[in-house]
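*Asks:* Mind looking at a prediction? Sequence and model below.
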Amino acid sequence: MTMSSYESLTTESAVSLVKKLGLFAQSESLSCQEIGDGNLNYVFHIIGKEKSVIVKQALPYAKVVGESWPLTLERADIENRALRLQGKYAPDYTPKVYYSDKDLAITIMEDLSHLEIARTGLINGEDYPLIAEHTGEFIARTLYSTSDFAMGPQEKKKLQNTFCNPELCDITEGLVFTDPFFDADTNDFEEGLRSDVEKIWQDTALKLHAAQLKRLFLTSGDALLHGDLHTGSIFASARETKVIDPEFAFYGPFGFDIAHFTANLFMNALSRPESRREPVYAHIATVWDVFNREFTRLWKEDNKEAFARTEGYLKWLLADIFEQATGFMGLEMIRRTIGLAHVKDLDGIADTETRLEAKRRSLSIGARFVKERRQFSTADELVEAFKEGL
Ligand SMILES: Nc1ncnc2c1ncn2[C@@H]1O[C@H](COP(=O)(O)OP(=O)(O)O)[C@@H](O)[C@H]1O
Ligand SMILES: CSC[C@H]1O[C@H](OP(=O)(O)O)[C@H](O)[C@@H]1O
């Protein structure tokens, strides 16, 4: 359904819109605040007497940089369609979508303000006992259900065609896979890290691995990914988990989403005192256990692939996903430390020497995960390697 051509919303026009759509009575007094703290979009929080909604609107440029970085409004439609599919396959972990308008580039969805953005909670010492179990189920279900195995190649290719997302993929290809390995303008790092960063730029072995992983991202079309599944894209409480913000969704490699979730957990661990790291390590083991278990369950329950029961195929695939994810994880740790988009877990460490040391660890452990990804086969081994790197 389309209301009008694009105009950027204000708190007043957002309120008029939700009333015009019949989501609230014309006479109701509503409060509205723009609460977006992400890099790209406006997020309006509208509260009435008995209910509240979120109106998310894409801007024709990247908010974090400004109008000099134009960005397609199509991303709002991608996000809306990805949310609806994720809601189909993982309803417990996805906000409900009430309305969307492609021309206005908006999605109106469930207000999740009773939960907390997991990155913020984790920084403040929350552990969220179920977050890894829920996120593992979310990733396995959304990925498996949109893959060749569940859909069959014809249906999958038709869906794949509708999730091309070239401009948002270009951001990831640049910011995650390329720029941190060169002296690129987008990079942003503390001067105290310069010698560590220059070592990365000169590390031809690391660059070759980054190139191989980039190629995997460019060419694999395993499943519909969330595409940006860091801890800032997850709302959580002790009991609930909801995954938001899939505007980077596209058909990519199976290992990408779980890699970003675990990389952001490792960076959170770097920001914690040693005595508070165990719950985060446990999440890394759990998300992998649950992903493998749920992917295997779905594989056995419903599989259109003739080779599905061929001995060794599933085992090989899960090992392959683990290997690629280990590499993607290392790249995410590197780019969040020296690239354009940082994480508060590391930037928020107040003491300069402690912060620089944590960032150096993020770079060296990240590089090890990238280069040695073929040598790891369990999450416990990743955690051990992380501890060795401290
Ligand atoms: N469904 C929601 N309920 C409550 N708050 C939300 C919701 N979606 C987004 N927000 C708030 O808006 C912020 C930015 O949203 P996000 O989707 O991550 O935007 P961006 O695409 O710009 O990164 C979130 O960190 C959260 O505080
Ligand atoms: C110019 S976009 C940079 C960065 O921002 C995105 O994250 P989010 O929208 O959740 O803030 C994504 O990770 C991009 O790489």
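*Replies:* That came through, no problem. Ligands and ions are numbered 1, 2, ... in the order given.
*Asks:* What helices and strands are in contact with the helix or strand harbouring residue 43?
*Replies:* Residue 43 is located in strand 41-47, with elements delineated by DSSP states H and E. Contacting strand 41-47 under the criterion 3 or more Cβ pairs under 8 Å, 6 or more residues apart in numbering; DSSP states H and E are the following elements: helix 11-20, strand 31-34, strand 52-58. To be clear about C-beta, it is placed using only N, CA and C from the backbone, and glycine gets the same treatment.
*Asks:* which outside residues touch it?
*Replies:* 8-9, 11, 14-15, 18, 24, 30-36, 52-59, 63, 76, 111, 113, 247 (Cβ atoms under 8 Å, 6 or more residues apart in numbering).
*Asks:* Of the helices and strands packed on strand 41-47, flag the one that's most buried.
*Replies:* strand 52-58 (a mean of 23; mean count of other Cβ atoms under 10 Å).
*Asks:* close to ligand 1, is that strand?
*Replies:* Yes - using Cβ under 6 Å from any ligand atom, strand 52-58 reaches ligand 1 at 54, 56.
*Asks:* Name every sheet partner of that strand and say whether each one runs parallel or antiparallel.
*Replies:* Next to strand 52-58 in the sheet, as set by DSSP bridges, lie strand 41-47 (antiparallel), strand 106-110 (antiparallel).
*Asks:* The longest helix along the chain - what's its average pLDDT?
*Replies:* If you go by DSSP state H, the chain has its longest helix at helix 313-338. Mean pLDDT, helix 313-338: 98.
*Asks:* How about stretch 278-287?
*Replies:* On average, stretch 278-287 scores 98.
*Asks:* how about the nearest residue to the most centrally placed residue in the chain, chain neighbours excluded?
*Replies:* Computing the C-alpha centroid of the chain and ranking residues by Cα atoms, centre = their mean puts residue 229 first, at 1.5 Å. Spatially, and ignoring its direct neighbours in sequence, residue 229 is nearest to residue 257 (4.3 Å; Cβ to Cβ, 6 or more residues apart in numbering).
*Asks:* How many residues are close by the one you found?
*Replies:* 30 (other Cβ atoms under 10 Å).
*Asks:* where's it, which helix or strand?
*Replies:* Counting by DSSP H and E, residue 257 is found in helix 256-271.
*Asks:* ok so, going back, where does the residue nearest to the centre of the chain land in three-state SS?
*Replies:* Put simply, residue 229 is coil when judged by DSSP: H, G, I helix; E, B strand; the rest coil.
*Asks:* That one touches residue 255, doesn't it?
*Replies:* No - Residue 229 lies out of contact with residue 255 (Cβ atoms under 8 Å); the separation is 11.6 Å.
*Asks:* anything in contact with each of the two?
*Replies:* With the criterion set as Cβ under 8 Å, 6+ apart, the contacts of residue 229 and residue 255 do not overlap.
*Asks:* and the angle for the helix holding residue 257 with helix 313-338?
*Replies:* Put simply, helix 256-271 runs at 50 degrees to helix 313-338, going by axes from the mean of the first three to the mean of the last three Cα atoms, to 10 degrees.
*Asks:* Residue ranges in this structure under the pLDDT threshold?
*Replies:* Along the chain, the model assigns pLDDT under 70 to residues 1-4.
*Asks:* Spell out which residues of it are next to ligand 1.
*Replies:* Going by Cβ under 6 Å from any ligand atom, the residues of the chain near ligand 1 are 35-41, 43, 54, 56, 95, 109-113, 117, 233, 244-245, 247.
*Asks:* Need the buried ones from the residues you listed selected in PyMOL.
*Replies:* Command for PyMOL that selects the buried part of the residues of the chain next to ligand 1, burial taken from 16 or more other Cβ atoms under 10 Å:
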select buried, resi 38+40+41+43+54+56+95+109+110+111+112+117+233+244+245+247
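*Asks:* so who does residue 323 touch?
*Replies:* 255, 373-374, 376.
*Asks:* go with 10 Å
*Replies:* 255, 373-377 (Cβ atoms under 10 Å, 6 or more residues apart in numbering).
*Asks:* How many neighbouring residues does residue 277 have?
*Replies:* 19.
*Asks:* For the stretch 251-390 of the chain, give the residue positioned nearest to ligand 1.
*Replies:* Taking Cβ to the nearest ligand atom, ligand 1 has its nearest neighbour within the stretch 251-390 of the chain at residue 341, 9.8 Å off.
*Asks:* Please look at that residue and residue 39 and confirm they touch.
*Replies:* Yes - the pair residue 341 and residue 39 passes the contact test of Cβ atoms under 10 Å, sitting 6.1 Å apart.
*Asks:* Next, residue 99: secondary structure please.
*Replies:* Assigned with three-state DSSP, residue 99 falls in the strand class.
*Asks:* excluding its backbone neighbours, what's nearest it?
*Replies:* Per Cβ to Cβ, 6+ apart, closest to residue 99 is residue 108, 4.2 Å.
*Asks:* list the contacts for the one you found?
*Replies:* 14, 17-18, 21, 23, 44, 46, 53-57, 80, 96-101.
*Asks:* what does residue 87 give?
*Replies:* 93-97, 109-110, 142.
*Asks:* what inclination does the strand holding residue 43 have with respect to helix 11-20?
*Replies:* Using the same axes, to 10 degrees: strand 41-47 against helix 11-20 is 60 degrees.
*Asks:* just the strands in the stretch 51-200 of the chain please.
*Replies:* Under the criterion DSSP state E, counting those that start in this stretch, the stretch 51-200 of the chain contains strands at 52-58, 61-62, 66-70, 97-101, 106-110, 116-117.
*Asks:* Outline the domain layout of this structure.
*Replies:* 11-110, 116-388 (automatic domain parsing).
*Asks:* what about the first one and ligand 2, touching?
*Replies:* Just to be clear, that refers to domain 11-110. Yes - Domain 11-110 reaches ligand 2 (Cβ under 6 Å from any ligand atom) through 38-40, 62, 64.
*Asks:* three-state assignment of residue 306?
*Replies:* Going by three-state DSSP: residue 306 is coil.
*Asks:* Which parts of the stretch 151-300 of the chain are helices?
*Replies:* 153-161, 166-175, 194-202, 204-219, 256-271, 278-301 (DSSP state H, counting those that start in this stretch).
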